[in-house]
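Chemist: following is a predicted model, sequence given first.
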Amino acid sequence: MLEIIFLSIIFFLIGKICQNKNILLDNLNFSKHKKYISTSNKLPTTGGLFLLITFLIFNIDNLDIVRIFILIGIFLVGFFSDIFRNFSPILRILLQIFLCIIYISFFGILVQDTRIDLINEYFSNNQILPIVFTTFCLLVLVNGSNFIDGLNISVIGYYLLIFISIFYLYHQFEANSDLNFINNFIKILLALLIVNFFNKTQLGDGGAYLLSFITGFFIIDFINLNKIVSPYYAISLLWYPCLENLFSIIRKLISKQKVSNPDNHHLHHLIFLLFKKKQNKFANNISGTVVVLINSIIIFVSTYFYYSTKIQILIISLAILIYITSYFKLKNYLKVK
């Protein structure tokens, strides 16, 4: 508890200094995607830097030089995207692919089981296919996590729920190997959540990339080591950023927009507009809390039925149905074009 309070105070003070000195701020005038985050237009992008530094400090004894290089690399890809507005989206994707392939090559963490015999057979007979599939999954997750980083506490709170779920299963399995890592990560996310709630920091692209990259590979490894856990448990945990990404791409292709251009037509933006009509002052935090609470129900149920592929598929299907229905209902109600 003391560590969380200490980290929160440090993060808060540094965020305040950045706001006062106009250092490492996200210029929201240039970001349609994030323009609702702060009413002051002076929101520090230091959350990702806090995450990187504290993660390395807490886990330095268990990290080799390759992991450190990759984690710093994925953070910098997003950080440069925050700092340099003309940073090429294609270059960003290529760098993400490069870092994913390096990580897979060195540590062998791949999607191994889909519970579909035909696909599993292809995976076992082809060394390239699992690498391509795993890299694709990580790209969808990493970029989708950046998409949902549009409200206070939404992304941090969402990933906090995921690690609480994994922490619970580790206790169920009496597995102690990574408990210290998970415990430390939960503390870091709690501290960031508090500071983000008071608008003194945001993850930024760098933080969203880093958080989702670490989580994605950790969950793949966790499921590979615990065969009793359905691989669809991972999808139930990570459905929201993945669907947000894929749905956004489809939506832009249909409307003939450039896929790489950010916009403010994501589901969380519509939720924000709904609450802004009713409660302008606290609409941001209320909207972010609603997103986290809805996902908490989905994650709770998927955690309880971690072993059942059929129930996980049902949960995923219902989540997708709720998302799409809510999106179009809100869009029509708010008369958003």
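Modeler: Done, it's in. Numbers count the residues shown, from 1 in each chain.

Chemist: any regions of the stretch 1-150 of the chain where pLDDT drops low?
Modeler: Residue ranges of the stretch 1-150 of the chain with pLDDT under 70: 1, 19-42.

Chemist: can you give me the helices in it?
Modeler: Using DSSP state H, counting those that start in this stretch, the helices of the stretch 1-150 of the chain run over 2-21, 47-59, 65-83, 89-107, 117-125, 128-147.

Chemist: would JSON lines of these with distance to Asn264 be doable?
Modeler: C-beta coordinates here come from the backbone N, C-alpha and C atoms, glycine included. Listed next are those as JSON lines, based on distance: least, Cβ to Cβ, whole Å:
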{"stretch": "helix 2-21", "distance to Asn264": "23"}
{"stretch": "helix 47-59", "distance to Asn264": "20"}
{"stretch": "helix 65-83", "distance to Asn264": "17"}
{"stretch": "helix 89-107", "distance to Asn264": "17"}
{"stretch": "helix 117-125", "distance to Asn264": "37"}
{"stretch": "helix 128-147", "distance to Asn264": "11"}
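
Chemist: make JSON lines from the ones you listed and add mean neighbour count and distance to Gly204 to it.
Modeler: Shown next, in JSON lines, are those (neighbours: other Cβ atoms under 10 Å; distance: least, Cβ to Cβ, whole Å):
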{"stretch": "helix 2-21", "mean neighbour count": "15", "distance to Gly204": "12"}
{"stretch": "helix 47-59", "mean neighbour count": "20", "distance to Gly204": "5"}
{"stretch": "helix 65-83", "mean neighbour count": "19", "distance to Gly204": "5"}
{"stretch": "helix 89-107", "mean neighbour count": "16", "distance to Gly204": "13"}
{"stretch": "helix 117-125", "mean neighbour count": "12", "distance to Gly204": "35"}
{"stretch": "helix 128-147", "mean neighbour count": "20", "distance to Gly204": "9"}
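
Chemist: out of those, nearest to Ser177?
Modeler: Proximity to Ser177 (Cβ to Cβ) singles out helix 47-59 among those, at 13.2 Å.

Chemist: contacts for that closest one?
Modeler: The contact list for helix 47-59 (Cβ atoms under 8 Å, 6 or more residues apart in numbering) reads 7, 11, 14, 24, 63, 68, 71-72, 75, 78-79, 156, 181, 184-185, 188, 191-192, 195-196, 201-211, 214.

Chemist: can I get the buried part of those residues as one PyMOL selection?
Modeler: To isolate the buried ones among these in PyMOL, judged by 16 or more other Cβ atoms under 10 Å, type:
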select buried, resi 7+11+14+24+71+72+75+78+79+156+181+184+185+188+191+192+195+196+201+202+203+204+205+206+207+208+209+210+211+214
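
Chemist: circling back to that earlier point, out of the helices of the stretch 1-150 of the chain, nearest to Ser287?
Modeler: That would be helix 128-147 among these, by Cβ to Cβ, at 15.1 Å.

Chemist: measure Asn146 to Asn152 for me?
Modeler: Remark: distance between Asn146 and Asn152 (Cβ to Cβ, to the nearest Å) = 16 Å.

Chemist: closest to Lys337 out of the helices of the stretch 1-150 of the chain?
Modeler: Across the helices of the stretch 1-150 of the chain, Lys337 has its closest neighbour in helix 128-147 (19.6 Å, Cβ to Cβ).

Chemist: next SSE after that closest one?
Modeler: helix 154-172 (DSSP states H and E).

Chemist: now that next one: average pLDDT?
Modeler: Averaged over helix 154-172, pLDDT sits at 95.

Chemist: pLDDT below threshold where in the stretch 151-300 of the chain?
Modeler: The model of the stretch 151-300 of the chain has pLDDT under 70 over residues 279.

Chemist: one more time with 90, if that's ok
Modeler: 151-153, 171-180, 184, 195-204, 252-265, 275-285 (pLDDT under 90).

Chemist: I figured Leu189 hits Tyr158, correct?
Modeler: No. Leu189 lies out of contact with Tyr158 (Cβ atoms under 8 Å); the separation is 9.8 Å.

Chemist: so what's the spatially most central residue of the chain up against?
Modeler: The centroid of the chain falls nearest to Ser145 when counting by Cα atoms, centre = their mean (3.6 Å). Applying Cβ under 8 Å, 6+ apart to Ser145 gives the contacts Val155, Tyr159, Ala208, Tyr209, Leu211, Ser212, Pro241.

Chemist: which of those residues sit farthest apart?
Modeler: Tyr159 and Tyr209 (12.4 Å).

Chemist: next, count neighbours for Leu237.
Modeler: Neighbourhood size, Leu237 [other Cβ atoms under 10 Å]: 24.

Chemist: look up phi and psi at it.
Modeler: Per-residue torsions, Leu237: phi -70, psi -40 (degrees, to the nearest 10).
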